[in-house]
Every structure is written in structure tokens, then in C-alpha cells.
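J.: What follows is a predicted structure for the sequence shown.
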Amino acid sequence: MPSHRPAAASAHVVDPAGGCPHALNAELRARGSVADIVLPGDVPAVVVLGHDALKEFLSHPDVAKDSRHCPALNDGTIPADWPLRVFANAQGMHTADGADHRRLRSLVGNAFTARQVERLRPRIEELTAGFLDDLGRAAADALDGVADLRTHLALPLPLSVICELLGVDPEHRGRLHDLTYTVVIATDTTPAEVMAAVHELVELLRTIAATRRAAPGDDLTSALIAARDSDGDRLSEAELIGTMRLMLVAGHETTLNLVTNAVRALCTHRDQLDAVLDGGATWADVVDETLRWDSPVSWFPFRYPTQDITLDGTLIRQGTPVLAGYTAAGRDEAFHGPEADRFDVTRPGAARHLSFGHGAHYCVGAPLARLQATIALERLFTRYPDLDLAVPEADLPHQRSFIGNSVRTLPVRLLGAAPR
């Protein structure tokens with residue numbers, strides 16, 4: 001079998017600049033649950049778009065995360081400086097299978113159980129209140145009364161929470177976000193930009209790990225280092241850095257997009273916001289419907305069939321790089337019904353979305369993301385019930401990414417603020 005088959009003539013050529021994915025998803029999904037695509041760099045791949053097909057794929061016994069199962073990544077067919085290699089080359093539980101995956105997941109899993117996450121509620125509430133103060137001050141100081149909600153709430157809240165969990169000093173947090181965005185989210189970057197960002201990110205994470213090794217604390221990084229140092233074969237240095245990187249990225253970039261997308265959805269669907277404020281739905285309902293309707297992650301790389309598999313009648317060859325189409329599956333009418341395109345916080349079954357994954361690699365941080373988003377949304381609209389977008393939704397700039405799914409800024413007017 002050839003190590004790297006050419007793309008089908010009908011394959012969709014992926015735009016590295018990304019943008020709003022929903023029209024494209026609908027077009028591709030109308031042809032079938034699985035689509036041939038060509039990734040930047042002329043790399044043939046596949047994206048799984050239908051809900052049922054994606055659910056089957058995510059837990060398929062003949063699908064792996066380890067890039068050794070993709071010949072093209074190992075035989076020189078795909079160049080060493082291909083920007084999307086960052087999703088294959090990192091060592092951690094997100095690129096491990098079987099016993100290795102269970103070993104790595106066990107080292108962080110206890111920190112993200114529902115019980116452990118609930119203990120963070122007071123701190124998350126405290127941080128949220130402070131960032132809402134910042135949002136209010138920014139709007140009051142602006143001549144037009146407009147403030148960017150991403151800058152003042154949606155980004156600093158999850159970034160602060162995950163950095164506190166990891167023991168990252170405040171001085172590093174802004175740069176860590178810039179680097180993780182370049183490495184993981186932005187897909188219109190050059191190979192040189194990605195390689196430079198990866199190098200700087202790894203060095204910064206090593207600096208943070210060295211600080212925690214010299215002065216251990218009650219944080220996840222110190223716990224990971226202790227596991228490595230007490231039993232050296234449990235966690236390699238590369239796995240330590242890879243796990244820190246995964247926790248940092250997954251711990252804030254996705255929640256940043258989730259909060260942003262939820263606020264945007266509620267502002268453009270005032271009847272849905274009214275339903276929540278009137279008690280007809282909960283903030284947890286808002287979170288799940290946002291995850292379904294406008295997932296924070298669009299097409300996420302990579303998994304690799306370890307032998308030829310068939311999904312919904314479509315053959316996917318062994319070793320093919322496959323992306324999980326979360327935004328597409330969330331609006332699949334075959335599963336979510338004929339009104340899947342409609343944002344409805346009272347929708348039955350909205351929580352059956354796949355935005356946190358499925359199977360062994362289900363997102364370990366899901367309880368933390370849910371808690372932060374529900375607290376942020378409830379406190380935001382309780383304090384500022386008349387908050388609205390400051391520009392038409394169509395004018396909001398989308399992330400230049402086919403991996404992340406959100407807008408780059410979310411300018412809002414707070415208008416009549418409720419008394420505190």
C-alpha cells in the first residue's frame with residue numbers, strides 16, 4: 001500500500017485562513033458524513049462530519065492517536081517543517097494510545113474530577129467578579145462605552161484558572177497565550193513562524209517546570225514533576241512538557257471560545273437570553289447548546305486508522321490523517337433534527353453533542369470548562385442584563401483558523417448595568 005495516497009479529485013482544499021465553518025460544513029455534509037480534504041501543504045486527509053459517524057470514529061478500536069501509524073509523517077512524504085506536525089509530534093496523553101494513554105491520563109485525571117473542580121468554584125467566582133469589574137472600567141473609560149469582552153473576561157478567566165492550577169507565575173501568562181494561539185489555533189501561519197513559536201513555548205514551559213522543581217507547590221506541575229522524579233519511567237521529560245502544553249492549551253483556548261460564542265449567541269438571540277433570565281432554561285443549558293451549535297473547536301487533528309475502516313459507507317485508508325469535525329457534527333440534521341441550525345437553549349438532547357469528544361479521549365477538563373462558562377455567563381448577564389454587541393455580528397472578525405472556531409474580538413456595550 002502506498003504510504004501517502006493522492007487526494008481525490010473532488011477533495012475540498014482547506015483554506016488556511018479558516019473563518020466561519022458552518023456554510024462549508026453544510027455543503028460538505030450534504031455529500032456525506034465523511035469528506036476528502038487537502039490540508040495546507042497539499043497533504044491529503046479526511047474530515048468526519050456527521051454526528052453518528054464521528055461518534056463511531058472517536059471510539060473505533062482500529063483508530064489511533066500515535067503518529068507512528070501515519071506513514072507519510074515518518075517517511076519524508078510530509079516535510080519536517082509542516083506546521084500541522086505540532087499536533088502529531090507532541091508527546092502526551094493526547095497523542096498516546098492504550099496503556100500509555102491510561103498512564104498519562106491517570107496523572108492528571110484526579111485534578112479534574114467533578115468533585116475536585118467544584119472545590120474551585122469560590123476562586124472562579126472571585127476571579128469572575130474581578131474581571132467583570134475590569135470590563136466595566138474599560139467600558140466606562142472608552143469614549144464610545146465599548147469594551148472587548150474577550151480581552152477583559154473570556155480570555156483572562158480560563159487563562160488565570162489553568163495557570164493557577166499549573167503553578168504558572170502571572171508574568172508568563174500573556175506570552176503563553178500568544179504562543180499557544182500561534183502553535184495550536186492559527187492555521188494561516190508559515191512553517192518558520194510555527195517552528196519559532198514551538199521552540200519558545202517549549203523553552204518557556206521548561207523554565208516553568210524548573211521553577212516548580214526548585215520550589216514545589218500545591219499545583220499540578222509540581223505533582224507531575226514529583227511523579228517523574230520519584231519513578232522516572234512514569235513520565236519522560238518530553239511527556240512532562242507535552243502534558244503541560246496540553247493542559248495549558250485545552251485549559252484556556254477552548255473555554256475562551258466557548259464563553260465568547262455563548263455571549264455572541266445570546267446577544268443575537270435575545271428571546272433565548274430572556275428564556276434563561278426568566279427561568280425557562282439554565283446557564284448549563286446555554287453552555288451545552290453553545291457547544292452543540294457553535295463548538296469552540298471546528299476540525300481537530302489528528303487520528304489515524306490502523307487498518308482500512310468504513311464509516312457510513314465511506315472507506316478511509318490505513319494511515320490517513322483524519323480530523324474530527326466537531327462544528328459539523330453539532331449541526332447534523334440527521335441527528336439533531338431539521339432545526340439543527342437554530343440556537344435553542346430549551347432544545348431536548350442538546351447535551352448529546354460531541355464537542356468534548358467521545359470514548360477514551362473524552363476531554364478530561366470538561367467539568368472545569370462547564371463550571372467556568374456557567375459562572376461567567378450567569379455573573380455577566382446578572383450584572384449587565386442589557387449587554388449587547390457593539391457592532392453587527394456580520395462585522396465580527398473570525399479567527400483565522402479551521403481548528404479554532406470563534407471571533408477574534410467581541411466588542412460589547414454594557415448599557416444599563418444592574419445594581420451590584
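T.: Received it, and whenever you're ready, just let me know what you need. Residues are numbered from 1 along each chain as shown.

J.: ok, residue 321 touching residue 48?
T.: No: in this structure, residue 321 is not within contact of residue 48 by C-beta atoms under 8 Å, at 11.8 Å. Backbone N, C-alpha and C define where each C-beta goes, glycine included.

J.: now residue 179: how far from residue 156?
T.: From residue 179 across to residue 156, the span is 16 Å (C-beta to C-beta, to the nearest Å).

J.: Let me fix that, I meant to ask about residue 138.
T.: 12 Å.

J.: Those two: which is more packed in?
T.: Of the pair residue 138 and residue 156, residue 156 is the one with more neighbours under other C-beta atoms under 10 Å, namely 23 against 18.

J.: Hmm, residue 131 and the more buried one touching each other?
T.: Yes: using C-beta under 8 Å, residue 156 is in contact with residue 131, at 5.5 Å.

J.: what about the spatially closest residue to residue 411 that is not a sequence neighbour, distance to residue 414?
T.: With C-beta to C-beta, 6 or more residues apart in numbering as the criterion, residue 411 has its nearest non-adjacent residue at 4.1 Å, and that residue is residue 390. For residue 390, the distance to residue 414 equals 10 Å [C-beta to C-beta].

J.: Which neighbouring elements make contact with the helix or strand containing residue 374?
T.: Taking DSSP states H and E as the criterion, the element that holds residue 374 is helix 366-383. The contact analysis (3 or more C-beta pairs under 8 Å, 6 or more residues apart in numbering; DSSP states H and E) places helix 366-383 against helix 114-118, helix 121-141, helix 156-166, helix 237-267, helix 270-277, helix 283-293.

J.: go again using 7 Å as the cut-off
T.: helix 114-118, helix 121-141, helix 156-166, helix 237-267, helix 283-293 (3 or more C-beta pairs under 7 Å, 6 or more residues apart in numbering; DSSP states H and E).

J.: Can you add distance to residue 374 and mean pLDDT and give those helices back as a markdown table?
T.: As requested, those are exported to a markdown table (distance: least, C-beta to C-beta, whole Å; pLDDT from 0 to 100):
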| stretch | distance to residue 374 | mean pLDDT |
| --- | --- | --- |
| helix 114-118 | 12 | 89 |
| helix 121-141 | 10 | 97 |
| helix 156-166 | 12 | 95 |
| helix 237-267 | 10 | 93 |
| helix 283-293 | 4 | 98 |
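
J.: So which of those helices is nearest residue 89?
T.: helix 237-267 (9.1 Å; C-beta to C-beta).

J.: Now do the closest one: which elements does it pack against?
T.: Against helix 237-267 (3+ C-beta pairs under 7 Å, 6+ apart) you get helix 98-109, helix 156-166, helix 170-180, helix 191-214, helix 220-230, helix 283-293, helix 366-383.

J.: Where among those helices is average confidence lowest?
T.: Mean pLDDT values for those show the minimum at helix 220-230, a mean of 83.

J.: before we move on, back to that, which of the helices and strands packed on helix 366-383 sits closest to residue 90?
T.: From the helices and strands packed on helix 366-383, taking C-beta to C-beta, the stretch that ends up closest is helix 237-267, at 4.6 Å.

J.: can you state the direction angle for the closest one and helix 156-166?
T.: 160 degrees (axes from the mean of the first three to the mean of the last three C-alpha atoms, to 10 degrees).

J.: picking up where we left off before, pretty sure the residue nearest to residue 411 is touching residue 146, no?
T.: Yes: using C-beta atoms under 7 Å, residue 390 makes contact with residue 146 at a distance of 4.3 Å.

J.: Quick check: neighbours shared by those two?
T.: The contact sets of residue 390 and residue 146 overlap at 411-413 (C-beta atoms under 7 Å, 6 or more residues apart in numbering).

J.: Let's see the ChimeraX selection covering just the buried ones among these.
T.: Typed into ChimeraX, the line below selects the buried ones among the shared contacts of residue 390 and residue 146, using 16 or more other C-beta atoms under 10 Å:
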select :411,412,413
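
J.: for the shared contacts of residue 390 and residue 146, which one is nearest residue 99?
T.: Residue 99 lies nearest to residue 412 out of these, by C-beta to C-beta, at 47.6 Å.

J.: Enumerate every residue touching residue 350.
T.: So residue 350 contacts 285, 288-289, 292 (C-beta under 7 Å, 6+ apart).

J.: and what of residue 12?
T.: Here residue 12 is in contact with 28, 35, 37 (C-beta under 7 Å, 6+ apart).

J.: okay, those in a markdown table with pLDDT and neighbour count next?
T.: Output for those, formatted as a markdown table (pLDDT from 0 to 100; neighbours: other C-beta atoms under 10 Å):
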| residue | pLDDT | neighbour count |
| --- | --- | --- |
| 28 | 97 | 20 |
| 35 | 98 | 25 |
| 37 | 98 | 22 |
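
J.: Just the ones of these in strands?
T.: Counted as lying in strands by DSSP state E, out of those, are 35, 37.

J.: Just the closest of the contacts of residue 12 to residue 381, please.
T.: Using C-beta to C-beta, residue 28 comes nearest to residue 381 of the contacts of residue 12, at 34.8 Å.

J.: So the closest one is in contact with residue 46, correct?
T.: No: the pair residue 28 / residue 46 is not scored as a contact, 11.1 Å apart, by C-beta under 7 Å.

J.: Overlap of the contact sets of these two?
T.: residue 35.

J.: Pick out the residue nearest the middle of the protein.
T.: Taking C-alpha atoms, centre = their mean, the centroid of the chain lies closest to residue 254, which sits 3.4 Å from it.

J.: I'd say that one and residue 296 touch.
T.: Yes: the criterion here is C-beta under 7 Å, and residue 254 meets it with residue 296 at 4.5 Å.

J.: all helices of the stretch 301-420 of the chain, in order?
T.: Secondary structure of the stretch 301-420 of the chain (DSSP state H, counting those that start in this stretch): helices located at 326-330, 333-336, 366-383.

J.: What lies in contact with the second one?
T.: Looking back up the chat, that one is helix 333-336. 50-52, 292, 340.

J.: Please identify which of those is nearest to residue 351.
T.: residue 292 (8.1 Å).

J.: show me the contacts for that closest one.
T.: By C-beta under 7 Å, 6+ apart, the neighbours of residue 292 are 330, 336, 350, 353, 355.
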